[in-house]
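> A structural model of the following input is requested.
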Amino acid sequence: MATSDRVLAYLGSLRNIVGSALALGGLALHFLGLAGSLWPVVVAGLYGVGALLTPPDRVRLTISHAEVETRALRADLDTLVAKVTTARFPEDVVAKVGDLAGILREVLARAEALTSAPDHLHVVSQAVRDYLPTSLEAYANLPRSYALTRRGSRERSAHEELMAQLGLLESGLSAVAEAVYQGDEQALRDQGRFLRDRFGGSSLDL
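The predicted model follows:
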């Protein structure tokens, strides 16, 4: 760790916070005329006492299962999206995939909420690792001129079929995202009820 990083880490540590609080108390004693002429020593001493007696910050090295799972999915999603370029796909396909990736990233950012609902996690995982790449791969293997041409008056072109599939994925993933967000909203409502019970009337109600 670089020296600047160690300094920043210490400045935000519990030891520095407690030491600084005691030092401010020493300054208060000085302004009240209770610390005498040796007030700098008192202030420094109080800081040292606070910094030395405060237990060090706990180190958290473990990574939750939720973080491990969603991190792998995010990496797979980034790899997939990087391959969807206008060199291989029409602009509207690239844009739609970008929209889908945005929904997926928002959901994956809520690791604990997502992994606590196995059905939702399954849909997201399959979308990233199966549904989306399978549709895109099938399209990418077609010649561009063939993909854009209809074969009959009632039959979709490959491009139209792909856009329809991406639309279905967007609908399904939006439903998963809505469910995850509702869980966050419910947590907020629960906190509001707790605060009202604890502190009385409040304007925090949704």
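
> pLDDT below threshold where in this protein?
1-12, 35, 56-66, 151-154, 183-195, 198-206 (pLDDT under 70).

> what does the domain assignment say about it?
3-53, 65-199 (automatic domain parsing).

> Now do the helices in the chain.
3-11, 14-31, 39-53, 65-83, 91-108, 111-115, 118-126, 132-140, 144-147, 158-199 (DSSP state H).

> and the residue positioned nearest the centre of the chain, backbone torsions?
Residue closest to the average C-alpha location in the chain (C-alpha atoms, centre = their mean): A109, at 3.1 Å. Dihedral angles of A109 (phi, psi; degrees, to the nearest 10) stand at phi -70, psi -20.

> go on, S157?
Phi and psi for S157, reported as degrees, to the nearest 10, are phi -70, psi 170.

> Please tell me I have it right and it contacts T149.
Yes. Judged on C-beta atoms under 8 Å, S157 makes contact with T149 at a distance of 5.8 Å. (Each C-beta comes from the backbone N, C-alpha and C, glycine too.)

> Compare neighbour counts for the two and give me the winner.
Just comparing S157 and T149: by other C-beta atoms under 10 Å the higher neighbour count belongs to S157, 15 against 11.

> Distance of the more buried one relative to L132?
Distance from S157 to L132, counting by C-beta to C-beta, to the nearest Å: 20 Å.

> go on, A95?
Relative to L132, and taking C-beta to C-beta, A95 is found at 14 Å.

> again with P40
In terms of C-beta to C-beta, P40 sits 65 Å off from L132.

> which of these two has more neighbours?
Applying other C-beta under 10 Å to P40 and L132 shows that L132 carries more neighbours, namely 23 against 12.

> Please list all residues in contact with the more buried one.
The contact partners of L132, by C-beta atoms under 8 Å, 6 or more residues apart in numbering, come to 80, 97, 100, 166, 169.
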